[in-house]
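Undergrad: just the structure for this:
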Amino acid sequence: MIVAEQLTKRFGDKTAVSDVSFTVQPGKVTGFLGPNGAGKSTTMRMIVGLDRPTAGAVTVNGTAYAKLRAPIAEVGVLLDAKAVHTGRTARNHLRAMAATHGIGRARVDEVIELTGIGSVANKRAGKFSLGMGQRLGIAAALLGDPHTLILDEPVNGLDPEGVRWVRQFVRYLASEGRTVLLSSHLMSEMSQTADHVIVLGRGRVLADADLTDLVRAWTSNTVRVRSPRLSDLVTAVAGPDVTVTAADPGVADISGVTAAAIGDLAASLGIPVHELTPRTGSLEDAYLALTGDAVEYKSKEIS
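TA: Numbering: from 1, shown residues only. From the prediction side, this is the model:
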């Protein structure tokens, strides 16, 4: 379990993290989301003692990371996959880490096999592709068989097979009762992986909820309707709780009424319907709604 209590971090006159509190529970994959500059990396660095909080505190299983007796055996961390000795082979990089923590070579061979880097284990890490570097970083995080795993953008650069492997593996770890904190900008992937979501924006917690509850609270279900008599159908379904948003000519998105009710009404009035598609809100929709005012760098919309 990771517990952050009123974490604050200032760099000069800039506040990167402000009064952040949350709990990452074991047995779940917790997604850590937020725009660039939201404070995610700084928060993760404070969890593992790389940055000292200006105020507040954070513990892992009740203990500050710096006071853990065997950190690598309790917390596996991937913050920067490039943080390797580029002149060493992947195997020797892992063996060096293992040797400093009393971990046997058999475990090194296990994580090499587990992460699928066996074919390149004897190549210099500095020559690795982005994806292979990520796999090596994950192998290093797993080396001590830790109860807590903190992974920053672990699927960055991975091919589809690698992305699926990370998704399945972190869910397997959570099913064993381990604590998993996972950051990613890939909303579609996070929606398939996370059970719980913490969203940061401008250094503050914007949301801390189960994924399904978050999506339900910040999105709405709509029905895409296409009809040559759309105006007649819109008039018929109008009501105080019904919202109609025009899309294209003859097409609208309607919320507040089910697809079945719209279809039945259209049939009773003899109105032809060419499309009737229910649409549910996604994690991406919820995320954009939450962080719309917390984005430091916003792209220009294309019209």
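Undergrad: my read is that Thr23 contacts Glu5, right?
TA: No: counting by C-beta atoms under 8 Å, Glu5 is not a contact partner of Thr23; they are 9.3 Å apart. The way it works is simple: take the backbone N, C-alpha and C, and place the C-beta from them, glycine included.
Undergrad: give me the nearest residue to Ala121, chain neighbours excluded.
TA: Closest residue in space to Ala121, ignoring its immediate chain neighbours: Arg91 at 4.4 Å, by C-beta to C-beta, 6 or more residues apart in numbering.
Undergrad: mind listing what that neighbour touches?
TA: When contacts are counted by C-beta atoms under 8 Å, 6 or more residues apart in numbering, Arg91 touches 108, 112, 121-122.
Undergrad: list phi and psi for it.
TA: Torsion angles at Arg91 (phi, psi; degrees, to the nearest 10) stand at phi -60, psi -40.
Undergrad: so it versus Val120, what's the distance?
TA: Using C-beta to C-beta, to the nearest Å, Arg91 is found at 9 Å from Val120.
Undergrad: how about Leu78?
TA: Distance, Leu78 to Val120, by C-beta to C-beta: 18 Å.
Undergrad: among these two, which residue is more densely surrounded?
TA: When Leu78 and Val120 are compared on other C-beta atoms under 10 Å, the one with more neighbours turns out to be Leu78, at 23 against 19.
Undergrad: ok so, going back, put the buried members of the contacts of Arg91 into a ChimeraX selection.
TA: Of the contacts of Arg91, the buried ones go into a single ChimeraX selection, burial set by 16 or more other C-beta atoms under 10 Å:
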select :108,112,121
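Undergrad: please enumerate the strands of the stretch 51-200 of the chain.
TA: Assigned by DSSP state E, counting those that start in this stretch, the stretch 51-200 of the chain shows strands spanning 55-60, 75-78, 148-152, 179-183, 196-201.
Undergrad: ok, which of those strands comes nearest Gly256?
TA: Across these, Gly256 has its closest neighbour in strand 196-201 (26.1 Å, C-beta to C-beta).
Undergrad: partners of the closest one, with directions?
TA: Take DSSP bridges as the rule and strand 196-201 pairs in its sheet with strand 29-33 (parallel), strand 204-210 (antiparallel).
Undergrad: now do it: distance to the chain's middle.
TA: Averaging C-alpha positions (C-alpha atoms, centre = their mean, to the nearest Å) puts strand 196-201 8 Å from its chain's average.
Undergrad: using CSV, write out every CA atom in that strand.
TA: As requested, the backbone C-alpha atoms of strand 196-201 are provided in CSV (Å, rounded to 0.1, in the frame of the first residue of the first chain):
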residue,chain,number,x,y,z
HIS,A,196,-8.9,2.5,-10.0
VAL,A,197,-7.7,5.9,-11.3
ILE,A,198,-6.0,8.9,-9.8
VAL,A,199,-6.0,12.0,-11.9
LEU,A,200,-3.6,14.9,-11.3
GLY,A,201,-3.9,18.4,-12.9
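Undergrad: show residues contacting that strand.
TA: Contact partners of strand 196-201, identified using C-beta under 8 Å, 6+ apart, comprise 20, 22, 24-25, 28-35, 38-40, 43, 190, 205-211, 214, 283, 287, 290-291, 293-295.
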